[in-house]
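Visitor: the sequence isn't on hand, but the structure is:
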């Protein structure tokens, strides 16, 4: 019985994240887990972008984070340029047609075309998918 009580007291001293209550390793110094730190950082970045006219380089240097992290958020579509990307700014290009885009990996036109292909593919009955016939003269 005493062994069970000792085990319970060990769990009481566990370190947890102040925001999400995830368990933290003893060697980990901050009081907030890496996931919550990332969420907090992105919230600060979003607010900074709303209040200032900045580009990806400005954001990276202001928050002392790698520019690759900012570009990753742009590719994920979490943040975007207000206007068309300028020549001097590292910009993104559509993976399908190569057109400059402000965020994500595909331009809106190609995205719409891809969605139409998916819809069209779902409209074809499964048995007729491989069937072909000759139309014409």
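Guide: Sure thing, it's come through. Nothing here was measured: the structure is a model prediction, and the numbers come from that model.

Visitor: CA only for contacts and neighbour counts going forward, please
Guide: Will do.

Visitor: the helices in this structure, which residues?
Guide: For the chain, the helices defined by DSSP state H cover 2-12, 34-51, 56-63, 67-76, 108-123.

Visitor: how far away is the nearest residue to residue 67 once chain neighbours are set aside from residue 72?
Guide: Nearest residue to residue 67 in three dimensions, chain neighbours excluded: residue 60, at 5.2 Å (C-alpha to C-alpha, 6 or more residues apart in numbering). Residue 60 is 12 Å from residue 72, where distance means C-alpha to C-alpha, to the nearest Å.

Visitor: neighbour count for those two, which is higher?
Guide: residue 60 (17 against 14; other C-alpha atoms under 10 Å).

Visitor: need the contact list for the more buried one.
Guide: Counting by C-alpha atoms under 8 Å, 6 or more residues apart in numbering, residue 60 makes contact with 66, 67, 70.

Visitor: neighbours around the nearest residue to residue 20 once chain neighbours are set aside, how many?
Guide: With C-alpha to C-alpha, 6+ apart as the criterion, residue 20 has its nearest non-adjacent residue at 7.4 Å, and that residue is residue 36. Around residue 36 there are 15 other residues, counting by other C-alpha under 10 Å.

Visitor: quick one: residue 36 and residue 22 touch, right?
Guide: No - the criterion here is C-alpha atoms under 8 Å, and residue 36 misses it with residue 22 at 9.9 Å.

Visitor: sorry, back to before: lowest average pLDDT across the helices of the chain?
Guide: Here the lowest mean pLDDT among those goes to helix 2-12, at a mean of 52.

Visitor: distance check, residue 75 against residue 14.
Guide: According to C-alpha to C-alpha, residue 75 stands 38 Å off from residue 14.
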